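Undergrad: Got a predicted structure here, sequence first:
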Amino acid sequence: NAEYMGQQKIQMGNCWKKKSITGLVSEFNKGAIKEIVISQNNKIDFSNEKSGEVAFTFSCKELVFLGLAGEPDTMIVLKEKTMGNDWNILGETDIIKSTSNPAYRHSISVAYGIYDATKVKAEVYSVIQSKKAMEDKSLTLIGNAQFYILDLLATKEKSLELPLKFSKNKVVGTISIQGEEKKKVKKPEVWKMDCYVSGITAPKVDIYYKLFRVGTGTNVSETSTPKAADRSSSSGLDGKQEKMACIYDASKGAYDEANKKYVWNPFRKELSLLNLQDQDLLLEIEVGTKEEDEEKGSFIVHKMLVYQVSLKSLLDKPLRVPLISIYGDYGVFNVENASIVERHSFNDYIRSGFGFQIITAIDFTLTNYEANDPRTKHSLNLQENPYATLLHLFGTNFLKFCPDEKMSLIGFGANLEGIGHSNCFALNGNIFEPTVTGIKPALELYLQTIPKLQFRGPAHLEECIRYIRNVAEAEKENSIIKDRSYFLSVITLNWKAYDTEQIIEEIILCSYLPITIIIVGLDSDRCAETKKVFATCTTFTSQKSRKKLKRSCLIYVDYQDMISENRNTVKRVFGEIQEQFIEYFSDLQRHPSME
């Protein structure tokens, strides 16, 4: 094994060296390996969200003009660092005539958002203008200062004073940066409501409801029929009716045994996405049953209600309408707690001190092949190691939102020395504090753990998810920053999970806590059964407690989609994480402080 591992390659800068695993760990401990290269482009700009626009004004004090005669004219150029490590020019100031203490009059306006965690650089130049053409000028760099837009906006005075540096150790003056928020993007409005059917026993078929946008009118009446309405009619409209469009389809709910009602997941949609800017807009609600016809491979649909009502009316008072089916009375359809609220952005929450805790669970079952097997998924060549790639991907994009940039690493499916088989263990040996600080230490710990384990199996995820839930429950009760911490758990799976029913029970309990669980399937074929169960889970009901899934808290994704070059899947997944994060705190009425 040692001979085989001795031939494994790790990348160190731009050169390759052969190392034994013992030598590799030794190099890490000595700090000889400065950077582990997994991917040159693992930072994903998954949020196009812009919070507003800020105008910067600049002034300098006691400029030192190295190698220049007298006090030249000066100007400032503002740049931002791109994901490709280039510097894009954002704008430039006016030119101030000969002084070592210039105060620039022209401001530079910049749109900002959550990814203004990238660096911004203010460069001060001496300027020699051409007498023939004023637009032609020769620039010589005096010095620069780098800062973050969000750091500046986080200060009470919205300003920073920084040393201006010509080189790492050469200070050539001081630069003052003053920010003024010129405008804030109007926060989107969200339509929220809860829908359920009361007064029924557990139905043998699924019940659905749909929302259709009908049109607008000023004197909107409400109409109801127990059977399908003609959607081409203008019933309930004072004027011309627009063509109807389905804006929401709640295809399946779950029966709440304790409260004797059939419920759907809470309705939460941005008005702008539904094209519902007018509260006088007329809506049509359709409720019915849907039963699968196995012989024909289709569904038999029975409509029980078609009801037209204005959005304004739903906001004013609860709606309760009897349902009539071909079987007779079928309970009452209810719409409650309808409201339109301002939707705070992910950026707002982060700026107000909300953040993540990351727990990564790694599959050490024998389906990965032992570390000395050429087919192993736990390769010491990190660029060929999917577990290392995912650690790097999520760490790069989310550790900045974690306290002290800490990440917890746990594993499942291996035999531990002196303990035996375990489906939930800490990679650092301390299950009560399984954290490391930073991406590099996380990768170091992972590599150090591989030779200590005997890979076994099969894959059981229940214990890992229960551990994550227990940590989240304890944090929610005892945290100093109570109700501001959200758990992001990434579970990497190489083969199908064999404890699906137990996982469902745990997922339901997790949906009541600040948790998002991402299951990444490494082998799409071998994980197909698990994907089928979890890829579209919205209506799970616990067989033990009869609790239903409160909200979406599980995301299933194939590994190959996560690392695809077009980045569409990873951006979608990161976007879903944001949405689940916002939804959890919003439903708790835990809003960011915007002072």
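TA: Okay, I see it.

Undergrad: What is the burial count for Asn101?
TA: 13 (other CB atoms under 10 Å). From N, CA and C alone the C-beta is placed, and that goes for glycine too.

Undergrad: ok, now which ones touch it?
TA: Residues near Asn101 by CB atoms under 8 Å, 6 or more residues apart in numbering: 59-63.

Undergrad: Are any of those buried, and if so which?
TA: 59-60, 63 (16 or more other CB atoms under 10 Å).

Undergrad: any chance of the contacts of Asn101 in JSON lines, with pLDDT too?
TA: Below are the contacts of Asn101 laid out as JSON lines (pLDDT from 0 to 100):
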{"residue": "Ser59", "pLDDT": "96"}
{"residue": "Cys60", "pLDDT": "96"}
{"residue": "Lys61", "pLDDT": "95"}
{"residue": "Glu62", "pLDDT": "93"}
{"residue": "Leu63", "pLDDT": "93"}
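
Undergrad: Looking at those residues, spot the one nearest Gly253.
TA: Ranked by distance to Gly253 (CB to CB), those are led by Ser59 at 61.4 Å.

Undergrad: For that closest one, which residues count as its bridge partners?
TA: Ala103, Ser176 (DSSP bridges).

Undergrad: end-to-end on stretch 191-205?
TA: In stretch 191-205, first residue to last residue: 28 Å (CA to CA, to the nearest Å).

Undergrad: ignore the last one, stretch 291-300
TA: So stretch 291-300: terminal residues 5 Å apart, CA to CA.

Undergrad: One more: stretch 455-469?
TA: 25 Å.

Undergrad: Can you list the buried residues in that stretch?
TA: For stretch 455-469, a neighbour-count test (16+ other CB under 10 Å) marks 455-457, 459-469 as buried.

Undergrad: Same check on stretch 336-354?
TA: Neighbour-count burial for stretch 336-354, counted by 16+ other CB under 10 Å, picks out 338, 343-352, 354.

Undergrad: Could you export those as TSV, including secondary structure?
TA: Compiled in TSV, these are given as follows (DSSP: H, G, I helix; E, B strand; the rest coil):
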residue	secondary structure
Ala338	strand
Arg343	coil
His344	coil
Ser345	coil
Phe346	helix
Asn347	helix
Asp348	helix
Tyr349	helix
Ile350	helix
Arg351	helix
Ser352	coil
Phe354	coil
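
Undergrad: would JSON lines of these with pLDDT and distance to Leu399 be doable?
TA: Output for the buried residues of stretch 336-354, formatted as JSON lines (pLDDT from 0 to 100; distance: CB to CB, whole Å):
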{"residue": "Ala338", "pLDDT": "91", "distance to Leu399": "39"}
{"residue": "Arg343", "pLDDT": "76", "distance to Leu399": "26"}
{"residue": "His344", "pLDDT": "80", "distance to Leu399": "23"}
{"residue": "Ser345", "pLDDT": "79", "distance to Leu399": "20"}
{"residue": "Phe346", "pLDDT": "83", "distance to Leu399": "16"}
{"residue": "Asn347", "pLDDT": "77", "distance to Leu399": "17"}
{"residue": "Asp348", "pLDDT": "80", "distance to Leu399": "20"}
{"residue": "Tyr349", "pLDDT": "85", "distance to Leu399": "17"}
{"residue": "Ile350", "pLDDT": "83", "distance to Leu399": "13"}
{"residue": "Arg351", "pLDDT": "77", "distance to Leu399": "17"}
{"residue": "Ser352", "pLDDT": "81", "distance to Leu399": "19"}
{"residue": "Phe354", "pLDDT": "89", "distance to Leu399": "15"}
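
Undergrad: can these go into JSON lines with extra columns for distance to Glu157?
TA: Listed next are these as JSON lines, based on distance: CB to CB, whole Å:
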{"residue": "Ala338", "distance to Glu157": "42"}
{"residue": "Arg343", "distance to Glu157": "29"}
{"residue": "His344", "distance to Glu157": "24"}
{"residue": "Ser345", "distance to Glu157": "24"}
{"residue": "Phe346", "distance to Glu157": "26"}
{"residue": "Asn347", "distance to Glu157": "21"}
{"residue": "Asp348", "distance to Glu157": "20"}
{"residue": "Tyr349", "distance to Glu157": "23"}
{"residue": "Ile350", "distance to Glu157": "21"}
{"residue": "Arg351", "distance to Glu157": "16"}
{"residue": "Ser352", "distance to Glu157": "19"}
{"residue": "Phe354", "distance to Glu157": "24"}
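
Undergrad: residues in contact with Val335?
TA: 193-195, 285, 314, 318-320 are the contacts of Val335 under CB under 8 Å, 6+ apart.

Undergrad: any idea of the mean pLDDT for stretch 250-263?
TA: Averaged over stretch 250-263, pLDDT sits at 84.

Undergrad: buried sites along it?
TA: For stretch 250-263, a neighbour-count test (16+ other CB under 10 Å) marks 250, 253-256, 261-263 as buried.

Undergrad: low-confidence ranges in the stretch 1-150 of the chain?
TA: The model of the stretch 1-150 of the chain has pLDDT under 70 over residues 1-51, 82-85, 113-118, 130-136.

Undergrad: Which strands and helices lie in contact with the lengthiest helix in the chain?
TA: Secondary structure of the chain read by DSSP state H shows that its longest helix is helix 568-587. Contact analysis of helix 568-587 by 3 or more CB pairs under 8 Å, 6 or more residues apart in numbering; DSSP states H and E lists helix 346-351, strand 485-493, strand 515-521, strand 554-558, helix 559-562 as its packing neighbours.

Undergrad: From the chain's centroid, how far away is stretch 513-524?
TA: Centroid displacement of stretch 513-524 relative to its chain, using CA atoms, centre = their mean, to the nearest Å, is 13 Å.

Undergrad: Can you give me the distance of Glu270 to Val341?
TA: 11 Å (CB to CB, to the nearest Å).

Undergrad: Residues in contact with both of these two, list them for me.
TA: Here Glu270 and Val341 have 189-190 as joint contacts, going by CB under 8 Å, 6+ apart.

Undergrad: Out of the buried residues of stretch 250-263, the closest to Thr492 would be?
TA: Distance to Thr492, by CB to CB, is smallest for Ala254 among these, at 29.4 Å.

Undergrad: so the closest one touches Tyr262, yeah?
TA: Yes: contact criterion CB atoms under 8 Å: Ala254 and Tyr262 qualify, at 7.3 Å.

Undergrad: Can you spell out which helices and strands pack onto the particular helix or strand that has Gln146 in it?
TA: Here Gln146 sits within strand 137-147, counting by DSSP states H and E. When contacts are defined as 3+ CB pairs under 8 Å, 6+ apart, strand 137-147 packs onto strand 120-129, strand 159-167, strand 170-184.

Undergrad: Provide a list of residues in contact with the nearest residue to Met407 once chain neighbours are set aside.
TA: With CB to CB, 6 or more residues apart in numbering as the criterion, Met407 has its nearest non-adjacent residue at 4.6 Å, and that residue is Ile358. Listed by CB under 8 Å, 6+ apart, the contact set of Ile358 reads 394-395, 398-399, 402, 406-408, 487-490.
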